[in-house]
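*Asks:* sharing a model that was predicted from the sequence below.
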Amino acid sequence: MKSPRYTILIASRKTGALRRLTFSRRLAFGLVGLACAMPVLVGLSWGGASVTEVENLRSANDSLRLENESYREATYELTEQITSLQTALTQLGEQGALDPATRSALTEIARITRKGTGGAGPGESLPARRTNQPPETTFGMLKSLLGSIENRLLSVKTEIEGQQALARSTPSVWPISGWLSSAYGYRKDPYTGLPDFHAAIDIAAERGKPIRATADGTVESVGYLGNYGNQVLLNHGHTIATRYGHLSGFNVRVGQKVKKNEVIGYVGATGRATSPHLHYEIIVDGKPMNPLRLLTGR
């Protein structure tokens, strides 16, 4: 059986002409169904767009969360490094502390040779670090501070190591216990009775008493040398040397490294000496200096 058909008449007001639109019931139902489905289709279209947008937002949020976690971890690591370096700076400052006698001797040596130890002390504030671009974030500031502390740590370490090396090379202790029998400077020669310049001090002590190095150094010469008799010459570096004369015996050899307070020989009366004593001489920049200036801190 054929589907019923429907006719719609459309009349023109101006001409009075009629137009007929004839269609089947099946087509009519289809058009009505399409009209009803349009809102649903439009809604589904917008819904699909919303799902995609939500997925994009979720992905972006995950990326930001990972970046934030990485930032926190990196910041924590930098903070830990900065704390460690600051602790190292403090420890270096404590290690660099010198006893009063050694510091006094260093000051005197620096004044004589006109060489200062130089540099700022460990306790002074950190210098500003120049960068091409100033840090704009906390992370950038921490990195800048870390670099500044690292540079300062290296500078302080180098400075303290140099100062300690000079301290070890500076005569600051007595080579032997005894009594001062002859001072540095002009005196009456014990043999001729005439005025004579004495470029050392004489310390009287019992024959055979151990004589100790007054600073770290290297044995430059050992043996008999004219008026000095048996003598030992130590090279301490930094243009500093010490000579020990009139010894009865030796306890070192040429080229040997010695430490402060290490026994290098024994008291005697060899060479131009009237009684057992030690001729103790300090040489700085090739010139003799009064040992008492270092031994007493004057």
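*Replies:* Now that the structure is in, tell me what you want to look at.
*Asks:* burial count for P195?
*Replies:* Using other Cβ atoms under 10 Å, P195 is surrounded by 9 other residues. Glycine gets a C-beta too; all of them are placed from N, C-alpha and C.
*Asks:* dump the residue contacts of it.
*Replies:* Contact analysis of P195 by Cβ atoms under 8 Å, 6 or more residues apart in numbering lists Y186, R187, K188, D189.
*Asks:* for A215, same thing?
*Replies:* A215 neighbours (Cβ under 8 Å, 6+ apart): R168, S169, T170, P171, S172, V173, L234, H236, I240, T242, K260.
*Asks:* any idea of the pLDDT on the last one?
*Replies:* According to the model's per-residue confidence, K260 sits at a pLDDT of 93.
*Asks:* what about the contacts of P195, which are in helices?
*Replies:* In helices, defined here by DSSP state H, there are no members of the contacts of P195.
*Asks:* need those residues in TSV with neighbour count, distance to N151 and pLDDT, can you?
*Replies:* As requested, the contacts of P195 are exported to TSV (neighbours: other Cβ atoms under 10 Å; distance: Cβ to Cβ, whole Å; pLDDT from 0 to 100):
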residue	neighbour count	distance to N151	pLDDT
Y186	9	52	88
R187	13	54	83
K188	12	59	81
D189	12	58	78
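*Asks:* so which of those are in strands?
*Replies:* Y186, R187, K188 (DSSP state E).
*Asks:* for the contacts of A215, pick the one with the most neighbours.
*Replies:* The most crowded member of the contacts of A215 is T170, carrying 29 neighbours; neighbours defined as other Cβ under 10 Å.
*Asks:* touching, that residue and A241? I think so.
*Replies:* No - counting by Cβ atoms under 8 Å, A241 is not a contact partner of T170; they are 11.7 Å apart.
*Asks:* what sits in contact with each of those two?
*Replies:* Applying Cβ under 8 Å, 6+ apart, one finds that no residue jointly contacts T170 and A241.
*Asks:* P210 against G268, yeah?
*Replies:* No - with contact taken as Cβ under 8 Å, P210 and G268 are classed as non-touching, separated by 11.9 Å.
*Asks:* where does the stretch 1-150 of the chain dip in pLDDT?
*Replies:* The stretch 1-150 of the chain contains residues with pLDDT under 70 at 1-51, 53-54, 56, 60, 62-99, 101-103, 105-106, 109-110, 112-146, 148-149.
*Asks:* what's the distance between Y280 and V232?
*Replies:* Here Y280 is placed at a distance of 11 Å from V232 (Cβ to Cβ, to the nearest Å).
*Asks:* overlap of the contact sets of those two?
*Replies:* With Cβ under 8 Å, 6+ apart as the test, Y280 and V232 both reach R243, Y244.
*Asks:* quick one: which of those two has more around it?
*Replies:* Per other Cβ under 10 Å, whichever of Y280 and V232 has more neighbours is V232, with 26 against 23.
*Asks:* check which helix or strand covers the more buried one.
*Replies:* strand 230-237 (DSSP states H and E).
*Asks:* which parts of the next helix or strand after that strand are buried?
*Replies:* Next helix or strand after strand 230-237 toward the C-terminus (DSSP H and E): strand 240-250. Within strand 240-250, the residues scored as buried using 16 or more other Cβ atoms under 10 Å are I240, A241, T242, R243, Y244, G245, H246, L247, S248, F250.
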